[in-house]
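J.: Here's a sequence, model it:
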Amino acid sequence: MVIGIGGISNAGKSTLASKLKNLYDTKKVAILCQDDYVFPKDKIPLINDHIDWERPESIDFKRYYEVVQNSILNNDIVIIEGIFAFHDQKVVDMMDKKIFLTLDQKFFFMRKSNDLRWGKEPDWYMEHIWDSHIKYRNGGIPKDAMVLRGGREINIEEMQTFLNTDEK
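T.: I've put the predicted structure just below:
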(Lines give C-alpha, C1' and ligand atoms only; values in the text may rest on other atoms or scores of the structure.)
Protein backbone atom coordinates (compact mmCIF):
# COMPACT_ATOMS: atom_id res chain seq x y z
CA MET A 1 0.00 0.00 0.00
CA VAL A 2 1.20 3.53 -0.79
CA ILE A 3 -0.16 6.34 1.40
CA GLY A 4 0.28 10.00 0.44
CA ILE A 5 0.10 12.74 3.08
CA GLY A 6 0.05 16.37 1.97
CA GLY A 7 -0.62 19.74 3.53
CA ILE A 8 0.96 23.01 4.54
CA SER A 9 4.14 23.26 6.57
CA ASN A 10 3.56 22.41 10.25
CA ALA A 11 0.20 20.71 9.62
CA GLY A 12 1.38 17.44 11.21
CA LYS A 13 2.35 15.37 8.15
CA SER A 14 5.45 13.84 9.74
CA THR A 15 3.65 13.16 13.01
CA LEU A 16 0.82 11.41 11.17
CA ALA A 17 3.31 9.38 9.11
CA SER A 18 4.97 8.17 12.32
CA LYS A 19 1.61 7.24 13.85
CA LEU A 20 0.69 5.28 10.74
CA LYS A 21 4.03 3.46 10.83
CA ASN A 22 3.31 2.47 14.44
CA LEU A 23 -0.17 1.34 13.40
CA TYR A 24 1.44 -1.13 10.98
CA ASP A 25 4.14 -2.35 13.36
CA THR A 26 4.04 -5.89 11.96
CA LYS A 27 4.69 -4.69 8.40
CA LYS A 28 7.77 -3.34 6.68
CA VAL A 29 7.03 0.40 6.39
CA ALA A 30 9.06 3.15 4.71
CA ILE A 31 8.42 6.84 5.27
CA LEU A 32 9.62 9.11 2.47
CA CYS A 33 9.78 12.75 3.52
CA GLN A 34 9.77 15.05 0.52
CA ASP A 35 12.10 17.43 2.36
CA ASP A 36 14.85 14.87 1.77
CA TYR A 37 14.51 15.32 -2.01
CA VAL A 38 14.99 19.03 -2.45
CA PHE A 39 17.53 20.31 -4.92
CA PRO A 40 20.79 21.79 -3.58
CA LYS A 41 20.29 25.29 -2.18
CA ASP A 42 22.07 26.91 -5.13
CA LYS A 43 19.53 25.35 -7.52
CA ILE A 44 16.45 26.70 -5.73
CA PRO A 45 15.05 30.15 -6.63
CA LEU A 46 15.35 32.94 -4.09
CA ILE A 47 12.76 35.35 -2.80
CA ASN A 48 14.18 38.48 -1.12
CA ASP A 49 17.56 36.69 -0.84
CA HIS A 50 15.85 33.84 1.04
CA ILE A 51 15.73 30.29 -0.34
CA ASP A 52 12.20 29.69 -1.61
CA TRP A 53 11.42 26.14 -0.46
CA GLU A 54 7.71 26.83 -1.01
CA ARG A 55 7.55 26.14 -4.73
CA PRO A 56 7.39 22.82 -6.57
CA GLU A 57 10.62 23.65 -8.40
CA SER A 58 12.49 23.08 -5.12
CA ILE A 59 11.78 19.32 -5.25
CA ASP A 60 13.73 16.86 -7.38
CA PHE A 61 10.62 14.97 -8.50
CA LYS A 62 12.58 12.70 -10.87
CA ARG A 63 14.76 11.37 -8.04
CA TYR A 64 11.79 11.28 -5.67
CA TYR A 65 9.75 9.20 -8.15
CA GLU A 66 12.63 6.72 -8.53
CA VAL A 67 12.98 6.34 -4.75
CA VAL A 68 9.23 5.83 -4.37
CA GLN A 69 9.27 3.11 -7.05
CA ASN A 70 12.18 1.35 -5.36
CA SER A 71 10.55 1.64 -1.93
CA ILE A 72 7.35 0.05 -3.22
CA LEU A 73 9.36 -2.99 -4.31
CA ASN A 74 11.07 -3.34 -0.93
CA ASN A 75 8.31 -2.54 1.59
CA ASP A 76 4.79 -3.59 2.49
CA ILE A 77 3.71 0.01 3.02
CA VAL A 78 5.22 3.25 1.72
CA ILE A 79 4.18 6.55 3.26
CA ILE A 80 4.93 9.62 1.15
CA GLU A 81 4.67 12.95 2.94
CA GLY A 82 5.38 16.52 1.96
CA ILE A 83 3.97 19.91 1.07
CA PHE A 84 3.93 18.89 -2.59
CA ALA A 85 2.85 15.29 -2.04
CA PHE A 86 0.11 15.61 -4.67
CA HIS A 87 1.95 17.78 -7.16
CA ASP A 88 3.60 15.16 -9.40
CA GLN A 89 0.92 13.07 -11.12
CA LYS A 90 3.29 10.09 -11.63
CA VAL A 91 3.75 9.88 -7.87
CA VAL A 92 0.05 10.47 -7.16
CA ASP A 93 -0.85 7.62 -9.54
CA MET A 94 1.14 5.23 -7.32
CA MET A 95 -0.85 6.18 -4.19
CA ASP A 96 -3.53 3.86 -2.90
CA LYS A 97 -4.69 6.28 -0.21
CA LYS A 98 -4.37 10.03 0.14
CA ILE A 99 -4.63 12.20 3.24
CA PHE A 100 -4.61 16.00 3.24
CA LEU A 101 -4.01 17.97 6.44
CA THR A 102 -5.41 21.48 6.71
CA LEU A 103 -4.67 24.30 9.13
CA ASP A 104 -6.44 27.59 9.46
CA GLN A 105 -4.24 30.62 8.88
CA LYS A 106 -4.08 31.76 12.51
CA PHE A 107 -3.10 28.30 13.76
CA PHE A 108 -0.48 27.98 10.98
CA PHE A 109 1.18 31.27 11.98
CA MET A 110 1.19 30.26 15.65
CA ARG A 111 2.81 26.90 14.88
CA LYS A 112 5.26 28.25 12.32
CA SER A 113 6.46 31.04 14.62
CA ASN A 114 7.35 28.36 17.19
CA ASP A 115 9.13 26.17 14.61
CA LEU A 116 12.84 26.90 14.99
CA ARG A 117 14.24 23.92 13.05
CA TRP A 118 15.81 26.29 10.51
CA GLY A 119 16.01 29.32 12.76
CA LYS A 120 13.40 32.02 13.21
CA GLU A 121 11.68 32.74 9.91
CA PRO A 122 10.85 36.39 9.21
CA ASP A 123 7.16 37.31 9.29
CA TRP A 124 7.16 38.16 5.57
CA TYR A 125 8.43 34.64 4.77
CA MET A 126 5.72 33.01 6.89
CA GLU A 127 3.21 35.06 4.88
CA HIS A 128 4.92 33.80 1.73
CA ILE A 129 4.61 30.18 2.93
CA TRP A 130 0.87 30.68 3.46
CA ASP A 131 0.41 32.40 0.10
CA SER A 132 2.39 29.65 -1.68
CA HIS A 133 0.28 26.99 0.00
CA ILE A 134 -2.86 28.67 -1.29
CA LYS A 135 -1.31 29.08 -4.74
CA TYR A 136 -0.01 25.52 -5.16
CA ARG A 137 -2.27 23.62 -2.73
CA ASN A 138 -0.28 20.45 -3.39
CA GLY A 139 -1.27 20.51 -7.04
CA GLY A 140 -4.87 20.28 -5.90
CA ILE A 141 -6.43 18.26 -3.11
CA PRO A 142 -7.34 14.88 -4.61
CA LYS A 143 -11.08 14.19 -4.63
CA ASP A 144 -10.49 10.81 -2.99
CA ALA A 145 -8.34 12.20 -0.16
CA MET A 146 -9.35 12.05 3.46
CA VAL A 147 -9.17 15.68 4.62
CA LEU A 148 -8.24 16.20 8.26
CA ARG A 149 -7.67 19.32 10.30
CA GLY A 150 -4.05 19.40 11.44
CA GLY A 151 -3.35 20.04 15.10
CA ARG A 152 -6.19 17.83 16.27
CA GLU A 153 -6.06 14.33 17.67
CA ILE A 154 -6.41 11.70 14.93
CA ASN A 155 -9.18 9.13 15.34
CA ILE A 156 -7.15 5.96 14.74
CA GLU A 157 -10.23 3.75 14.22
CA GLU A 158 -11.55 6.13 11.55
CA MET A 159 -8.09 6.21 9.96
CA GLN A 160 -7.88 2.39 9.93
CA THR A 161 -11.30 2.15 8.29
CA PHE A 162 -10.27 4.62 5.59
CA LEU A 163 -6.94 2.87 4.97
CA ASN A 164 -8.47 -0.60 4.85
CA THR A 165 -11.10 0.14 2.21
CA ASP A 166 -10.29 -1.13 -1.26
CA GLU A 167 -11.00 2.12 -3.12
CA LYS A 168 -8.01 3.75 -4.82
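J.: What residues of the one helix or strand in the chain whose mean pLDDT sits lowest count as buried?
T.: In the chain, the helix or strand scored least confidently by mean pLDDT, DSSP states H and E is helix 105-114, which has a mean of 74. By neighbour count on 16 or more other Cβ atoms under 10 Å, the buried set for helix 105-114 is 107, 108, 109, 111, 112. (Each C-beta comes from the backbone N, C-alpha and C, glycine too.)
J.: Grab the nearest non-local neighbour of the residue nearest the centre of the chain.
T.: For the chain, the residue nearest the mean C-alpha position is residue 82 (2.1 Å; Cα atoms, centre = their mean). Closest residue to residue 82 apart from its sequence neighbours, by Cβ to Cβ, 6 or more residues apart in numbering: residue 34 at 2.4 Å.
J.: How about residue 160?
T.: Nearest to residue 160 is residue 23, by Cβ to Cβ, 6+ apart, at 6.9 Å.
J.: Need phi/psi at the one you found.
T.: phi -60, psi -30 (degrees, to the nearest 10).
J.: Pull the contacting residues for it.
T.: Each residue near residue 23 by Cβ atoms under 8 Å, 6 or more residues apart in numbering is listed here: 156, 159, 160.
J.: likewise residue 3?
T.: Contacts of residue 3 (Cβ under 8 Å, 6+ apart): 20, 77, 78, 79, 80, 95, 96, 97, 98, 99, 163.
J.: next one: residue 5
T.: Here residue 5 is in contact with 13, 16, 17, 79, 80, 81, 82, 85, 98, 99, 100, 101 (criterion: Cβ under 8 Å, 6+ apart).
J.: Neighbour-wise, give me the winner out of the contacts of residue 23.
T.: The member of the contacts of residue 23 that has the most neighbours, counting by other Cβ atoms under 10 Å, is residue 159 with 18 neighbours.
J.: so it is in which element?
T.: helix 156-164 (DSSP states H and E).
J.: Please tabulate the contacts of residue 5 in JSON lines and include pLDDT and distance to residue 39 as additional columns.
T.: Below are the contacts of residue 5 laid out as JSON lines (pLDDT from 0 to 100; distance: Cβ to Cβ, whole Å):
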{"residue": "13", "pLDDT": "90", "distance to residue 39": "20"}
{"residue": "16", "pLDDT": "92", "distance to residue 39": "26"}
{"residue": "17", "pLDDT": "94", "distance to residue 39": "22"}
{"residue": "79", "pLDDT": "97", "distance to residue 39": "22"}
{"residue": "80", "pLDDT": "96", "distance to residue 39": "18"}
{"residue": "81", "pLDDT": "96", "distance to residue 39": "18"}
{"residue": "82", "pLDDT": "93", "distance to residue 39": "14"}
{"residue": "85", "pLDDT": "92", "distance to residue 39": "17"}
{"residue": "98", "pLDDT": "96", "distance to residue 39": "25"}
{"residue": "99", "pLDDT": "94", "distance to residue 39": "26"}
{"residue": "100", "pLDDT": "92", "distance to residue 39": "24"}
{"residue": "101", "pLDDT": "89", "distance to residue 39": "24"}
